[in-house]
Structures are given as C-alpha cells and as structure tokens.
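Q: Just to be clear, the model below is a prediction. Sequence and coordinates:
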Amino acid sequence: MWQLFIVIGICIAGFQAIESKRLSHSALWLALTSALTSWLMYLLGAVEAAVIELSVGAGVVTILLVFAINIVGDQKDESKPLVPKYLAMFIILTALVMLGSMLIPIQQADFLTVTSTSVFAKSMWEERILDTMLQIVLLFASVLGVLSLMEDRSNEKKDQSS
Amino acid sequence: MTLTFPDLVLIAVMALFGIGLYALLTIRNLIRIIVALQVLVKGVILLIILAGYLTNQIGMAQSMALTVIVADTIVAVLGMALAVQIMRKKKSLDTSDIAELKR
Amino acid sequence: MTADFAFKSLLLLPVIAFPFIYLIGRASVRLSTRNTGTQRNPAKWIALFVMLLLVMPLVIVVKQFTAQGPFSTFIGSIELKMDGVGILMSIVVVLMSLAVVLFSDHYMSHEVGEEKYYALLVCMTGMVMGMVTSTDLFNLWVWFEAMAITPYILVAFYHDRAPALEAGVKYLFQSAAGTMLVLFGIILVFMHTGSLCLGGSCAIEIPKEPALVVAGLLFITGFGVKAALVPMHTWLPDAHSQAPSGVSAILSGVVIEAALIAMIRALDMISPVFTNAGTFLIILSVGNIILGNLLALRQTQVKRMLAFSSISHMGYIVLGIGITMSYGLINGAQGSFFHIVTHALMKGLSFMIVGALMHAYGNSKGDAHAPLEISDLNGVASRFPGLAFALSIGLLSLAGIPPLAGFMSKWQIFVAGFETGNPAMIGVVIFAALNSVLSLAYYAPLINRMYRQKPTPYLAKAGRIAFSMNMVFFALGILIIVVGVMPGTWNWLTNPAAQIIQKAFWGG
Amino acid sequence: MDAIFSYLVSSTIGLPWLGSLVLVILARANEKTQHWIAFLFSLLSTICAISLISFNGPAAVIFPGGGVFGDISLMADGLGIMLSVIATGIGCISILFSTAYMKGEKQLSRYYSLMLFFIGAMVGLVLSSNLFYTFVFWEITAVCSYALISFYNDDPKAVRGGMKAFIITQLGGVGLLVGSLILYGTLHTLHIPTIMLKLTNIPPGVLSLAGFGFLIAAVAKSAQVPLHTWLPDAMEAPTPISALIHAATMVNAGVYLLARFYPAFYTVPGWKDAIIMIGAITAILSAIMAATAYDLKRVLAYSTISQLAYMVYAVGVGDIFASQFHLLSHALFKALLFLAAGAVIHSIGTRDMRLMGGLGRKMPFVRSMFIIGALGLAGIPFFNGFWSKDAILAAGFSHGPMWAYLIMLITTGITAYYTTRCVWMVFLGEPRTEIHPHPVSPVMKASLFILSIGTLTSWGMGGRLAEFFEHSLPFHHFHPLSIAERFAEVFTFPMTYGTLLVIATGMVVYLYIKRVRGVVHDFRGIIQFAENGLGFDALNAVVSQVTIYTAEALRYTQTGVLNWNIFGMLLGMIAMLGLIEMGGL
C-alpha cells in the first residue's frame, strides 16, 4: 500500500496550498498537488492525461498564477475568515461524512462488457470530437474575455461621435 | 477492513474536495480562491480517471479529463484577469472589500 | 437543405461565426480609425446577419420536428437530439438574441469592445442551443461550461466600473464551484453506470446505488447555482443588475432557464433511482417564490428589483416541472415551458426598456451606466408615452395580471397543482398565488411613478430612444398581449416539450 | 338571430375597448374631442346592452380557445344582462358627468381609456360563462380600479389608496382562482352551466373549498368585513370613478358571484351561515362608521359597504332576487348620491362636511337631487330603496336567523340616521364657513337628473325583472310577483311598518341628538374608535408592517460576500443530503 504515501502527500500539499498565507507559496504548493495528482493518474493507467495534467495543471497554471501574482504584487494574506472557521469546518465535515457514507466502499466495476475503446486518441479525436471542438470554442471565448477585460476603456468618451 | 487502491484514490478525491470547499468558505483573497478552486478541480479530475479505471474505459476518461483540465484552466485564467482588474480598481483582493452590492 | 444539415448548421453557425465577428470588427475599427479618423464597426451588422441566417435552419428544423417528431444528428459518436425541449429553447434563444442584437444596435454603439460583445452574444446563443440538444451527460457539461463562460465576461463587460467587476467575480467563482459539484455528480453516474447516455437514447440498467442519489443532489445543487435556486441564488441579483441591459435580458430570460433544462436532463438519467427529485424541486421552488418576492419588495434600483423578480419567477417554473416530476401531470411541465417562453418575453422587455431609459438618461446624468433608481421613473410617460406603456405591459404581465401572457402560464402551472388533488400541493399553489399578489406591491409602484405628472429633473434633457429599440419593444409588447389573449396557440410548442419530461420521469 | 345576438354581445364588450384604444392613440388630441369620443363609445355600448334585453332566454357566443383555458364563451342571461345594463348605463352617465367634472385635467386620455376599459371588462365579467375568463375580467376590473384610484398619482394618499385596493381585491382574486382551479381539477371544465349540471359529481370537500374560495373573493371585491378597508381609501379617486366603480358596478361583482353560484353552494354546510354573518356584521359596523365620518365621500363609501352587506345578506338567506333588486336600486341611488356629492365637491373644493352647511340655498338643484338619492338610501316608501330593502328584510325575517334580522333592522335605523346627518350637514342648517360655490354646469345637472328619474321609478321594473330572471336562469328558483302583488305583499306584511318605524326613529334621533351635546360627549371614545375605522385599518397596517419588516430582515441574507454565497450553496446541499439521509424523503 505504498500508494498511501502519495495520497497523504496530496492531502498535505493541498492543505498547504490553501493554508500558506503568501500567494506565491500557495501557487507552488498547488503545483506540487498537481504533480502528485498526475502521478496517481499515471498509476491508474491514464498515461496521456497524466502528462497533460503535469504540463497544464502543474506547469501552465502555476506560470499564469505567478504572472498574475506579479501583477497584483505578492502579498501575505493575514485576513481572518469571514465565515467562522469552525462553522466552515463543521459544514465541510458534515458534507464529507454524508457523501462518504454513501460512496465508500466502492466496488470494482463489472462493466467489462462495455465495448467502448480504451484508446485515448481515438476517443478524443473520433468519438468525443464534439468535446474537443468545444474546447476550441472555450479557448477562443476566453481569449476574447481576457482581451475584453484587459482592454483600456478610458478612451470611450473620446471615440463617441455624437 | 482493507483499503483497496480505488478506495485510496477516492479518499484522495474526497480530501481534495473537502480542502477546496473549506478554502472557498474561509479564504478571502481572490488569488488564493483561484488556488482553492484548482484544488477542487484536481479532485474532480482524479475522480474522472478513477471512474475510467473502474469502468474499464480509461481512454474515454482521459479524453474527458483533458476537457475538464482545459475548461478549468480557462476559468482560472478568467478569474485571474478579473482579480487583476479588481486589484487595479480597488487596491484590494479581499472579498469583504468587493461586497458593495448587497441587500 | 436537409433537416440533418439544418440542425448541424444551427449549432455550428454561431460557433463558426463568432470569431469572425470579432476579427472583422476589430480589423475594421483599426483600419477606419487609421484611414478616416472615425470609427466604423460592422460587428453588429454581421451579428444581425448571423442571427437572421440562423432563422432559416431553425425554421427547417421546426418543420421537420412538427412533421416527424424528434430527430437526431451525430457528431463523432455523440448524438445531438432535437426534441420538444430543444425546439422550444432554440426558438426562445434565437428570438431573444435577435431582439437583443437589434436593441444593442443603439445601446452599445461606440462602446469600446463592441465587437467582443456581439461575438460573445452570438457564441452564447449557439451554446444554449447545443446544450439543450445534447444527449451525452459529459457533453452536456461541456456545452454548459461553454455557455457559462460567455456570461462571466459579458457581466463584467463594463470593467471600468467596480460594481460590474464585483458582480463578475461573484458570478464566476460561485458558478465555478457549482460546476465542480455538477461534474462530481456526472462522474459518479459514469462510475456506477459506465455510460453517459441521456434521455433513454441507449438502454442502460441503472443500478440502485446510493451514490446515484448523491449525484442527483449534486446536480440539483450545482445546476441550481446557475438556475438561481434558493439558497444558491446569491450571485444573480448582482450579475443581472450590473450586466449591460441586453445581456441582463438574455441572462434572465434564457440562460437561467437553460441551466434548469440541463438539470432536468441530468436528473432524467438517474430518475429510476432518485425518485424524489420532484419533491426537492417543489420545496426549492417555494423558497424561490417567497424569497425573490420579499427581497424585491424593498429594492431601490429597478434592475436589481427585476433581478430578484427573476428568482421568484424561476420558482414558478421549477414548481411546474416539479409537479410533473412527482405526479406525472403534463400540465405542470407544460405550464413551466409556457412560463419559460412568457418570462423570456416579459423579462426581456422590462430589462431592455430599463436599459433604454438608462441610456437616454446618460445625457442628463452624465453617466450612461448609472443605475436607474425607482425615482428616476417619475413622469416618464409624459416624455416617452409608448415606452411607459410597454413597460407597464411588461410589469403587469410579470405580476401575473390577466389577460397578459405571464398570467396564462402561471394559470397552467396552478391547474396542474390542483389536478394532483394532494392537499399539500394545493397549499403550495395557494401560497404561490398569494405571492403573485405580493409581487404587485413592487411592480405597481413603478407603473404609478411613470404616470406621475412631476417628472425627474433628468427627464427633460434625456436623449431620445432609437427607432430600432422602439421596434423591439413594440414587437415584444404585442407578443405579450397576443400570447395572453390566445394562450392555446402555444400548445404545439409546449406540449411536446412537456411530454419529454413526463416520459422521462413517468415512462410515458 | 344568433348572428345578431353574438354581434351585440361582442360589441357590448368590444365597443368600450375599441374606444379605449382610440383614446390611447388620440392621447394628444384636444380635450373636447376626447370627452365626446369617450361619451360616444359608452353610449353605443349602452344601446347594445339595452337591446340585449329583447333576447329571450339564455343564449351563448363561443370563441374557440383551448386546453386548460377553455373556450371564451359569453352567455347573456338575466343576471348578466341586468348587470351589463347597469355597467354601461351608469358608465355612460358617469362619462357624461366627467365631461364637465374633469374639464382642464391633464392626462385625460388615460382617464377615459381606463374608464372605458373598465366598462368593457365589467360587462365581460358578468357575461362570461367560462370561469377562467370570469377571473380574467375580474382582474382587469381590479387593475382599472387601481389605476383610476391613483389617477392623481402625485398625491401619495391616492397612490396608497390605489395600492391598498389593488392588493386587497387581488387577495380576494386568489379565492376565486382557487375556487375555479379546484372545480377544474375535479370536473376538467370551466364552463359554468356544465359545472352546474355536474354538481353531483363533486366531492363535498372540494365543493366547500370552492364555495369558501368564492366567498373570500366576494368579500374582498364587495368590500365586506374584514376586507372592506380598501373602499373608504379608494375615495381618493375622481368622484365619477367613485360613482361608477366603487358604488354602482365593480363592488357588485362579489354579490354577483355569490348570486351566480348560489345554486351550486347553498348545500355546502356553513356557507350560507357564513354569508349571513358577514353580511350582518358588515352592515352594522360600516353603518356605525358612516355615522361618525366627516368626509362626505367616506360617508358614502361606508354606506356603500353597508348596502352591499344587505345584498350579501339577501344571498345568505336565499333570496337572490331581492339581492339583485337591491343591487339595481343601490346602483342608481348611490351613483346619484356620489355624482351629486361630486358636484358639491367640484364647486366648493373640499370634502370635509364640517366646512359645509347651508349649501342648499346656493345650489338648490343639486340639493334636491341629493335628497332624492338620500331618501332612496334611507328606504323611505315609494323610492326604489324602500322596495328592495323591504324585500330583503322580509326574506330575512322568514328564512334567516332572528339575530341577523334584528341587526339588519337596527342598521336601517342607523342608515336613516347617517343619511339625515349627511343631508343636514351639507345642505341644510347654517353655513359654517364662507363658501362661494362655482355654478354647476348643465351637463352635470342633466346626468343627475337622469339618475334621479331612475331612483324614483326603477322599482316599477321589479316584476318584469323577476320574470326575466325566472326564465333565463335555469338553476335558480324565483317567484315573480307583479307590481300589484308586491304592493299587496309589502303593505300587508306587519314587519314593514316596524321597519318604517325604525327608519323614522333613526331620522328623529339625529335631529334630537344635535341639541344634546352631552350625549355625544359620553360616547366620545366609541365615536373616536369608529372614526378610525374600528381598528380594521390598524390591522391592515400591522400586516403590511410585518411584511415589510420581514423583507428588510431577509435582505441581510444577501450579504454580497463571496464566501457567504458559497456557504449558502453548501448549506442547501447539506440540507438536501440530510433529508435523504434521514429517509424522510
């Protein structure tokens, strides 16, 4: 059960990611969480997705986060939670216990009759091509979004012809 | 009671989920909220792969995981763009400072 | 044009067109400012053209549907199915987007980033149509996510205004958390059934797992955030009041309803296990109706008040769907779908007129985006009689005054409640009807103010209302009256849609 | 024949609505044109309504509708035709009166178009034989009433009065909605004659829910206790509106509904008793309030409530004809009183009776007209009020409980008292303040004159009306009496003289009490209480305050903080999880 250590590692890294007061530390812990997650994914047989998770989740997102932190300035967030800590803890634990009691233990599935292919590329480019196409839409929409959000609107009055 | 590997992964998923939601409740800094959301996303992606593993459809699961990774990176990017603008406007990233619209 | 091709082009046209709207608009702005010094932006014309072009495949699809019933198309191995619900939502979204594009012609002209506005609007239209036709649970989520991305940006469109940014932030983060819950539920379903097919399109055995019940709850919670069900509604008043008015209209009139449709589709899949979904929806609807009304009662900004009223109207829609889900009576869902149509019309009309007034006051207040306070409505009728009349129609219809459209759909929902014969259900319906009365307490004063004789100081210097805007208001106002006077004429649209729900939860 | 009939029925509703549309379009036309267009359309619809009388027996017009909404069907029977003649006729006279009264007002087109819209809706309400469309028209009349009460909407009192009327009548509307829905839920039809035929198929529980739903609707619309508080506040409306909507037509809709559905519900246990109780309590309480009010229009409003209570009471004791007969009389004399009061208010510019007095010498014509109306209201023999009120009291004596009869009898005394008081304070005695009335215009005089003729003669139609009812309303039972028979019955019935004695006492008491200030002083507390609406207004205020307070308190749930928003979301999820876990669902 050596995988247990990965799980514990994920928990610690995830916890640190949200507990570190300094923004840049948060981002780094998140990268570690992501890396450990991708290891677990690899162990589950999702080779390609693990690579993508490693590059996008641990790589791109961290870079973007660091970039954003650079713009807003790396600060130490010492604010006290608005929702009382124990109330939040209570709510989350209640939810987890309730969910967990209905989810664990899980059975090994007996769906071996499912005919669906287990090849990633075929699934992505042929069967679920619509999802892939929608990713492109999402990408373009978000590009528009970032452009729109970053645009300088101060010249609005200047351009008005009326 | 022995824990199987899928059970372990599920525990990791639940832990990531719990941590993420807890953070969403208690964290006030927008950038850290994005981090919290990402933690949540890690949990979900792991669950997708686990489901693929259990149902013997790992290819489809990977394809789905890829979509989720892309979609949530995009959400994170938009969140960062908004946070940057908020910082410019309000000189703060604290959720209590951006709570003018209320009641 | 074959129906299959028409269906595909209905979905793909907006997706293909929206980058071009942006690119051509951007290029034209660049070139025209450099060459002539004046800005020329054809984005709105392309958007209008695309919307008009969409009408053609829509008509063919509707014809095919009325002739032969639901039909499918495949992209990859994912089936997209145009059924009653899909037709209804497609018609509503195309109608509303067309109205909004026309309305925005003047409202958004010379705004910075106009081309992005139109591109995103067109994109959203396509995403809504895709989402309501998807028959794959995960694909549904992808459409849903894509549909959700655009409003985040549009809500924060005036990002030089702090409140708009704030609304965008809340909308984005709360929705993102909600979508994660939805995804969690979807994966649970996938894990336990090994399949993602919706709507009985492939025969799969649904095991009696408690995990699927959890998935159902996650669907209600997660989609409920987008559909603004109490207590997940808190983002809505901010987002809908801060967005550009055209966007508010389409968000209130289409997007939250589309999220509800997504929720129902998802619940449909696990209906054999999660049999109490209808009860949960009815309970939530009661919360929506009362909270939306009470919170709207003391608002001072018109758009915010209308946003709260959207929450209570979502309550009515959910109530009808819940009745059909729990009791199998077709009138419930039929009334709800009817209410989706009428709510889109009247809420769209109200939001857009308020937007037009804000725009007109822009001259005198010096800020075209300053929120319209209730007192700003004083004496509007003396300057804009037609506008005041149209807004009165919209508001009275929202309040459920016969013979306007809003009442007819409410009536149908109430009929279903009484047909159950269940005393608790009858109690809920009486409660909903009493709330309809309560809602008058905030709609009626607005109308009163418009007909006052002492106008606000801003009114005299207010700009004029463009012809294109008036045209939209006229069309929507007439539609509200016509739908109200001839309520039976919409059965051909609402009945097949309601049958889908009935069949899904009661097996025909 | 059928074609002519259907054209007539449709145009009785359609003409006023067309006129309303024309006036909206001609909003900027000159004032005179607007006055006369309004009058023309109301006159035409009156002619249509009157010619409906010549059609024998019930006939129906049906426009196909569909589904849960039923067909739009109009059915002109005795009840419907009588009420539509009242609605169009008094509407026409009120509009005629308005041409002088509203001279020089702004936004006339809004005034007239709403008034015409109201007339059309009122006719539709009484002619519709589909419960759904009855409800639709019911609500339209409420909207028009609301809009016209707050016609002077720069005046916060008018706005408040309008809102109050709207919300209370809408509350009643919920009763009608529930009643109709539950009937539809059981019978799957909304067609009133079909419902009447299938009554035996309805389970008793459903029938009583429907019956009491309709009763609540009637109580709210006809301003009965405890939902009467809107009517006095509705007096902020221009006076012709008060005459038309709040005296002669809309407030009768509740009585009409009860009368229409009497055959369906009279078997429901407790239904008739509840009606009798509401009628008796309302009659005496509102008469007391009328006796203490100082605002001329409020006195008339309270007296309207009290007279409506007579009609309600008559339905309760099972005499539909007496109820409708009184409705006709009341519509005429109360419209006359209101319009005469309008002429007074228009010419001296105040409604406070304490500032009036001795006006009779300055405006003798108005005085005579007002006194004719007052005599009708007080029930003095040979004015129409006497005959109808007497019919109600006779029915109450022989079919109703004694306590209720006694209350109604006492109320006739109080009615006589406040009528005398009102006439005295306004027209007789010495002037209390310097008042220089403007002359009353001939148009006003003409409209008053028409109504006074009606007040003097309408009782002669009683026999014809009963016959008409008998052969056009298959589900009710009437005993038509000719004039001679009625004459004989009334004057051989001993209690008639008792009633007259009580009326005379009421009048004398006022004239005597004026001299004995001390007696008045002893009852100061009670009078004060009555002036304040016997606490019902305070009750309303409490309800609205509680609602507003709750709304304000709930606004704190909208914190605007992202973390709390997500907290709410999770709370919702956990609540639902909890429900599942506990197995409650």
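A: Perfect, thanks for sending it. Computed from a prediction, not measured in an experiment: that's the story for all the values here.
Q: Sticking with residue D:113, tell me its helix or strand.
A: helix D:108-127 (DSSP states H and E).
Q: May I have that helix as CSV, with CA atoms only?
A: What follows is helix D:108-127, C-alpha atoms only, in CSV (Å, rounded to 0.1, in the frame of the first residue of the first chain):
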residue,chain,number,x,y,z
LEU,D,108,-57.5,62.8,-19.9
SER,D,109,-56.8,60.1,-22.4
ARG,D,110,-55.5,57.9,-19.6
TYR,D,111,-58.6,58.7,-17.5
TYR,D,112,-61.1,57.9,-20.2
SER,D,113,-59.4,54.9,-21.8
LEU,D,114,-59.2,53.3,-18.4
MET,D,115,-62.8,54.0,-17.7
LEU,D,116,-63.9,52.6,-21.0
PHE,D,117,-61.6,49.6,-20.5
PHE,D,118,-63.2,49.1,-17.1
ILE,D,119,-66.8,49.2,-18.6
GLY,D,120,-65.9,46.6,-21.2
ALA,D,121,-64.3,44.4,-18.6
MET,D,122,-67.2,44.7,-16.2
VAL,D,123,-69.6,43.6,-19.0
GLY,D,124,-67.3,40.7,-19.8
LEU,D,125,-67.2,39.7,-16.2
VAL,D,126,-70.9,39.4,-15.9
LEU,D,127,-71.5,37.8,-19.4
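Q: Can you name the residues of chain A that neighbour chain D?
A: Within reach of chain D by CB under 8 Å from any CB of the partner chain, chain A has these residues: A:81-83, A:88, A:91-92, A:94-95, A:98-99, A:101. No exception for glycine: its C-beta is placed from N, CA and C like everyone else's.
Q: can I get these in TSV with secondary structure, pLDDT and neighbour count?
A: Shown next, in TSV, are the residues of chain A next to chain D (DSSP: H, G, I helix; E, B strand; the rest coil; pLDDT from 0 to 100; neighbours: other CB atoms under 10 Å in any protein chain shown):
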residue	secondary structure	pLDDT	neighbour count
A:81	coil	84	16
A:82	coil	85	20
A:83	coil	85	21
A:88	helix	89	23
A:91	helix	88	19
A:92	helix	89	22
A:94	helix	87	14
A:95	helix	86	20
A:98	helix	81	19
A:99	helix	79	22
A:101	helix	75	12
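Q: can you tell me which of the residues you listed are up against chain C?
A: Applying CB under 8 Å from any CB to these, those adjacent to chain C are residue A:99.
Q: and which of the residues of chain A next to chain D is nearest chain C?
A: residue A:99 (6.0 Å; CB to the nearest CB).
Q: tell me which element the residue lying closest to that closest one once chain neighbours are set aside falls in.
A: Excluding its sequence neighbours, the residue lying closest to residue A:99 (CB to CB, 6 or more residues apart in numbering or on different chains) is residue C:214, at 6.0 Å. According to DSSP H and E, residue C:214 maps onto helix C:210-226.
Q: Is stretch D:71-84 positioned near chain C?
A: No. Using CB under 8 Å from any CB, stretch D:71-84 stays clear of chain C, with a minimum separation of 9.2 Å.
Q: how close does residue D:263 sit to residue D:391?
A: Distance, residue D:263 to residue D:391, using CB to CB, to the nearest Å: 20 Å.
Q: same check, this time on residue C:167
A: Distance from residue C:167 to residue D:391, by CB to CB: 67 Å.
Q: What of residue A:142?
A: 80 Å.
Q: Just list the residues touching residue 98, thanks.
A: As the question left the chain open, I've gone with chain A. D:574, D:577-578, D:581 (CB atoms under 8 Å, 6 or more residues apart in numbering or on different chains).
Q: not quite, I wanted chain B
A: Residues near residue B:98 by CB under 8 Å, 6+ apart: B:30, B:86, B:90, B:92, C:162, C:165-166, C:169, D:562.
Q: Just flag the most distant two among those residues.
A: With CB to CB as the measure, no two of the contacts of residue B:98 lie farther apart than C:162 and D:562, at 14.8 Å.
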